[in-house]
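Participant: sequence-free structure coming up:
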């Protein structure tokens, strides 16, 4: 038996309440065109050199000071910021 994994789309946008923050929304798009909203992720302060990356499990936001926020969108909002890394150089 084959089971499909959940397929999520994460949208990033400038938050309405504050133009200095970037917000993230998680949507389930597994059964298109019947997609639906799941939750928000923790917002981050806008940085001109913000780098957003993802793989099949994690969603990562890297800042100019080499801080990396690692999110797991499978977790509830209060647990979704999975880890904060402080690197000494950029990810290559």
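Facilitator: That came through fine. This one's a predicted model, so the numbers in the text were calculated from it and none came from an experiment.
Participant: can you pull out the low-pLDDT segments for this protein?
Facilitator: By pLDDT under 70, the low-scoring segments of the chain are 1-5, 18, 91-92.
Participant: residue contacts, the residue nearest in space to the middle of the chain?
Facilitator: The C-alpha lying nearest the average C-alpha coordinate of the chain belongs to residue 59 (CA atoms, centre = their mean; 4.4 Å). Contact analysis of residue 59 by CB atoms under 8 Å, 6 or more residues apart in numbering lists 10, 24, 41, 52, 53, 70, 71, 72, 73. Yep, even glycine has a C-beta here, placed from its N, CA and C like the rest.
Participant: and it, how far from residue 53?
Facilitator: 8 Å (CB to CB, to the nearest Å).
Participant: from the contacts of residue 59, keep the buried residues only.
Facilitator: 24, 41, 70, 71, 73 (16 or more other CB atoms under 10 Å).
Participant: the top strand by length along the chain: partners in the sheet, and parallel or antiparallel?
Facilitator: Identified as the longest strand of the chain according to DSSP state E is strand 36-45. According to DSSP bridges, strand 36-45 forms sheet pairs with strand 21-28 (antiparallel).
Participant: now the contacts of residue 59 as TSV including distance to residue 30 and secondary structure?
Facilitator: What follows is these, written out as TSV (distance: CB to CB, whole Å; DSSP: H, G, I helix; E, B strand; the rest coil):
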residue	distance to residue 30	secondary structure
10	14	strand
24	19	strand
41	18	strand
52	22	strand
53	22	strand
70	23	strand
71	19	strand
72	17	coil
73	13	coil
